[in-house]
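Sequence and predicted model, in that order:
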Amino acid sequence: MRIILLGALAGLAATMSMTATMRRMHRQLPDELRYPLPPRQIVDQTIPLDREEAARGATMLAHFGFGALSGALYTLPAMMRLGGAGYGLAVWAGSYLGWVPGLRILSPATRHPRERNLLMIAAHVVWGVTLAKCLEELSQSDEIFGRSTGERQRTAKRAEMEKGS
């Protein structure tokens with residue numbers, strides 16, 4: 001259970017990096033391609049909201065929620081074998097060539113402008129690499145979040161006893 005929680009936390013952190021990448025790259029698109037990115041488009045297509053502020057909040061919640069869920073799923077051994085960048089690409093493909101068009105929310109990525117696809121692919125690679133690194137760091141953070149002093153002392157005592165045997 002601990003690794004799943006760490007994966008979700010790493011997914012949240014990675015989604016922040018992804019969001020920053022998307023924001024910066026979106027500014028570089030030609031004017032005619034600078035319309036809302038898929039997280040907002042998905043919310044607009046699935047949740048009837050009549051206030052802009054509510055739609056922005058729902059987009060952020062959905063975007064970070066999906067990032068956390070996908071981060072938790074990364075902890076499955078089959079997913080981790082893909083590596084961070086590979087997993088990020090798999091999430092992009094599974095979403096924008098798979099379930100999103102499959103549920104008729106958006107058309108498949110093959111029907112979107114090349115520049116926007118490249119932006120989203122790059123953002124997913126950033127997300128995946130950040131996810132893997134954050135999960136690695138969190139997994140090695142026992143000295144901050146992990147074992148209690150008593151547990152460390154018991155472990156050290158067991159190790160000493162095993163040496164003496």
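Thanks, I have it. Residues are numbered from 1 along each chain as shown.

So what's the gap between stretch 71-91 and the chain middle?
Taking C-alpha atoms, centre = their mean, to the nearest Å, one finds stretch 71-91 lying 10 Å from the centre of the chain it belongs to.

my bad, stretch 58-77
Centroid separation for stretch 58-77 versus its chain: 5 Å, with C-alpha atoms, centre = their mean.

tell me which residues in it are buried?
For stretch 58-77, a neighbour-count test (16 or more other C-beta atoms under 10 Å) marks 58-59, 62-64, 66-68, 70-75 as buried. (Each C-beta comes from the backbone N, C-alpha and C, glycine too.)

Tell me the spacing between M22 and D142.
Shown here: M22 relative to D142, a distance of 33 Å by C-beta to C-beta, to the nearest Å.

more neighbours, those two?
More crowded of M22 and D142, by other C-beta atoms under 10 Å: M22, with 22 against 10.

name the element the closest residue to that one other than its chain neighbours belongs to?
Distances taken as C-beta to C-beta, 6 or more residues apart in numbering place A123 nearest to M22, at 4.7 Å, with adjacent residues excluded. In the assignment (DSSP states H and E), A123 maps to helix 114-139.

what's the following helix or strand after that helix?
helix 142-145.

Any idea how far that following helix is from the middle of the chain?
The chain centroid and the centroid of helix 142-145 are separated by 23 Å under C-alpha atoms, centre = their mean.

Under the pLDDT cut-off, which ranges of the protein? List them.
Residue ranges of the chain with pLDDT under 70: 146-156, 159, 164-165.

Which stretches in it count as helices?
2-28, 38-46, 52-74, 77-80, 83-94, 100-102, 114-139, 142-145, 149-164 (DSSP state H).

Could you dump the ones you listed into JSON lines and include distance to P108?
Formatted as JSON lines, the helices of the chain follow (distance: least, C-beta to C-beta, whole Å):
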{"stretch": "helix 2-28", "distance to P108": "19"}
{"stretch": "helix 38-46", "distance to P108": "12"}
{"stretch": "helix 52-74", "distance to P108": "18"}
{"stretch": "helix 77-80", "distance to P108": "23"}
{"stretch": "helix 83-94", "distance to P108": "10"}
{"stretch": "helix 100-102", "distance to P108": "4"}
{"stretch": "helix 114-139", "distance to P108": "10"}
{"stretch": "helix 142-145", "distance to P108": "41"}
{"stretch": "helix 149-164", "distance to P108": "51"}
